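*Asks:* need a 3D model of the following:
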Amino acid sequence: MDTRILKYILAGLGVIVASMFGAYFIITHVNSYDKHINAGQRLSDNHKYYEAIVEFNKAIEIDPKKGIGYYKKGIPYDQLGEKDEALALYRKALELDPKLERAHNNIGCIYLNREQYDKALEEFSAALELSPGFWAAFDNKGGVLRILGHGQEIMQDCDRIVALEPMDPENHKCRADNLVWLRRYDEALKGYDKAVELYPGFYEARTARARVLTYVGRGDEAVAETDKLVEDFPGLSEPYDLKGWVLYSMDKYEQAIPEFKTAMSFEDESPSPYLGYCYANIRLGNYEPAIKELERLSKLNPSNRHTKVCMALALQKRGTGGDIEKAGVVLSGIVRDDPDDYCAAMTFALQGNRDEMLRVLNTLREKSPWDLHTTKQSIVFEPYVDDPEFIDAIRI
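*Replies:* Residues are numbered from 1 along each chain as shown. Here you go, the predicted model:
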């Protein structure tokens with residue numbers, strides 16, 4: 001064979017082999033990135049936030065120029081209350097991928113929680129500009145406008161969109177959420193019912209429906225709904241947690257504790273079932289197991305304000321040794337950090353500072369009514385349940 005022909009053949013084989021190795025590298029690279037993103041997403045969905053962060057870090061190491069990794073990593077930090085870290089990650093994600101509308105939405109939520117409403121509106125609007133059908137951003141933008149006194153305008157938008165797309169269950173849920181803000185609970189329940197009729201597996205609509213049933217005093221129906229959720233979504237802790245809180249609101253503390261313990265057995269990092277377990281035990285006078293669990297939670301997340309309030313309450317109720325003094329130190333720290341949120345209202349109640357408690361509750365009634373639905377059932381506010389001004393403050 002002519003040596004020139006042989007050289008061409010070998011050269012061609014070299015190109016093919018190189019291309020094959022290149023393709024293999026690219027496919028492996030992409031698959032490894034997606035594998036860690038998907039693993040992190042599953043962990044985050046199951047409230048295993050620290051483990052999720054590890055997976056997202058591995059994805060970012062593989063390809064630090066993809067924005068989605070930073071966005072995904074921001075979510076567990078967001079859920080853990082580390083908002084500054086989450087904000088930085090969302091911004092990095094947008095720097096790399098300006099079309100990530102979900103990052104705009106999450107940034108908006110952080111600003112909303114900080115009561116920086118202009119910035120929140122800007123971010124939600126940016127998300128909707130990128131994706132006009134992005135319901136979470138639409139709903140969040142509506143929340144800001146409701147806080148600013150424009151709830152009826154949002155209702156008109158919801159009615160219009162439901163009329164245009166009546167078979168979309170998300171439309172009915174969004175409309176129902178807005179009705180809850182407007183304190184029109186019977187209409188809200190009908191909206192959730194319609195959403196579930198169109199999509200029986202609509203988990204968010206069903207949990208929202210259970211909560212509203214609790215708020216309007218239809219606890220038995222709420223329990224039945226949570227039982228169905230447990231049956232239909234056996235791999236989730238939230239239905240057990242929600243059932244525990246429903247039973248707690250019905251003063252059925254002994255029945256609530258096993259539900260909270262089942263939710264706790266999932267070992268999620270959401271503090272809700274752990275706090276429910278502690279509050280139910282405090283109600284029953286079982287201070288030792290409550291304080292033991294609260295000490296453990298405090299070590300895991302020292303900055304959680306709800307844990308601090310519950311600990312102060314448990315110490316006050318036990319009242320042995322230096323408990324009262326310890327409780328006082330915990331409470332003063334909560335108010336110093338933020339004197340205007342729901343935890344501050346609970347703190348003022350435990351301190352006996354009625355005027356400040358009423359000030360915060362009256363503010364929250366307009367800005368965040370969801371926080372106040374179970375206030376009357378809270379042991380923290382027990383001394384004030386017959387106070388006319390307290391009743392007026394939480395009337396929603």
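
*Asks:* tell me where the stretch 251-396 of the chain has helices.
*Replies:* All helices of the stretch 251-396 of the chain, identified by DSSP state H, counting those that start in this stretch, fall at 253-265, 272-283, 287-300, 305-318, 323-337, 342-351, 354-367, 388-393.

*Asks:* wait, which of the ones you listed is closest to residue 94?
*Replies:* helix 354-367 (27.1 Å; CB to CB). In short, each C-beta sits where N, CA and C put it, glycine included.

*Asks:* what residues does that closest one touch?
*Replies:* 115, 147, 339-342, 344-345, 348-349, 371-372, 375, 381, 384, 387, 389-390, 393-396 (CB atoms under 8 Å, 6 or more residues apart in numbering).

*Asks:* stretch 229-241 now?
*Replies:* Contacts of stretch 229-241 with the rest of the structure, by CB under 8 Å, 6+ apart, involve 46-47, 201, 203, 206-207, 210, 226, 242-243, 259-260, 262-266, 268, 270, 272-273, 276.

*Asks:* can you say which of those are buried?
*Replies:* 46-47, 206-207, 210, 226, 242-243, 259-260, 262-264, 266, 268, 270, 272-273, 276 (16 or more other CB atoms under 10 Å).

*Asks:* before we move on, the earlier item: the helices of the stretch 251-396 of the chain: which one's closest to residue 61?
*Replies:* Closest among the helices of the stretch 251-396 of the chain, using CB to CB: helix 287-300, at 26.4 Å.

*Asks:* for that closest one, packing partners?
*Replies:* With contacts defined as 3 or more CB pairs under 8 Å, 6 or more residues apart in numbering; DSSP states H and E, helix 287-300 has these neighbours: helix 272-283, helix 305-318.

*Asks:* what residues of it count as buried?
*Replies:* Buried residues in helix 287-300 (16+ other CB under 10 Å): 287, 290, 291, 293, 294, 297, 298.

*Asks:* what is the nearest of those to residue 86?
*Replies:* For the buried residues of helix 287-300, the nearest to residue 86 is residue 297 (20.8 Å; CB to CB).

*Asks:* could you report the separation of the closest one from residue 81?
*Replies:* Separation of residue 297 from residue 81 (CB to CB, to the nearest Å): 13 Å.

*Asks:* ok, residue 104 next?
*Replies:* 21 Å.

*Asks:* of the two, give the one with the bigger neighbour count.
*Replies:* residue 104 (26 against 13; other CB atoms under 10 Å).

*Asks:* follow-up on the earlier one: could the helices of the stretch 251-396 of the chain be laid out in CSV, adding mean pLDDT and distance to residue 143?
*Replies:* Shown next, in CSV, are the helices of the stretch 251-396 of the chain (pLDDT from 0 to 100; distance: least, CB to CB, whole Å):
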stretch, mean pLDDT, distance to residue 143
helix 253-265, 96, 27
helix 272-283, 95, 21
helix 287-300, 93, 29
helix 305-318, 94, 21
helix 323-337, 90, 24
helix 342-351, 92, 16
helix 354-367, 85, 10
helix 388-393, 88, 21
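
*Asks:* I am finished for the moment; much appreciated.
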